[in-house]
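Engineer: quick one, structure for this:
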Amino acid sequence: MTKAKSVFPTDDSLQKMLYLPMMGITKRWTGRRQNWSRIHAQMAIYFAERMSE
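Structural biologist: Numbering: from 1, shown residues only. Coordinates of the predicted model:
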């Protein structure tokens, strides 16, 4: 039997890895992206203390 190793050992580690690139992308975007409001709302729940409105 083999044990699979995850690149992201916890959900929190994945969320942290996605946070900074997401913030950089939002600063450069000039147009609307499909479903962005839903994505942004979900990330705001996870990173409420870091995201400014």
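Engineer: please count neighbours and contacts with C-alpha atoms only from this point.
Structural biologist: Noted.
Engineer: how about the nearest residue to residue 46, chain neighbours excluded?
Structural biologist: Distances taken as CA to CA, 6 or more residues apart in numbering place residue 15 nearest to residue 46, at 7.9 Å, with adjacent residues excluded.
Engineer: so that neighbour: helix, strand or coil?
Structural biologist: helix (DSSP: H, G, I helix; E, B strand; the rest coil).
Engineer: going forward, count from 776.
Structural biologist: With the count now opening at 776, the last piece we talked about shows up as residue 790.
Engineer: can you report how many residues lie near it?
Structural biologist: 14 (other CA atoms under 10 Å).
Engineer: got the confidence number for it?
Structural biologist: Note on residue 790: pLDDT of 85.
Engineer: same question for residue 794.
Structural biologist: Per-residue pLDDT puts residue 794 at 86.
Engineer: in stretch 817-825, what's buried?
Structural biologist: Applying a neighbour-count criterion of 16 or more other CA atoms under 10 Å, the buried positions in stretch 817-825 are residue 818.
Engineer: ends of that stretch, how far apart?
Structural biologist: According to CA to CA, to the nearest Å, stretch 817-825 extends 13 Å from its N-terminal end residue to its C-terminal end residue.
Engineer: pull the distance from that stretch to the chain's centre.
Structural biologist: Mean-position distance between stretch 817-825 and its chain equals 9 Å (CA atoms, centre = their mean, to the nearest Å).
Engineer: do the same with stretch 790-807
Structural biologist: In terms of CA atoms, centre = their mean, the centre of stretch 790-807 is set 8 Å apart from its chain centre.
Engineer: contacts for that stretch?
Structural biologist: By CA atoms under 8 Å, 6 or more residues apart in numbering, the surrounding residues in contact with stretch 790-807 are 821, 822.
Engineer: again, but for stretch 816-828
Structural biologist: Stretch 816-828 is contacted by residues 790, 794 when judged by CA under 8 Å, 6+ apart.
Engineer: and it, how far out from the chain's middle?
Structural biologist: Centroid displacement of stretch 816-828 relative to its chain, using CA atoms, centre = their mean, is 9 Å.
Engineer: same question for it, mean pLDDT?
Structural biologist: For stretch 816-828, the per-residue pLDDT values average out at 80.
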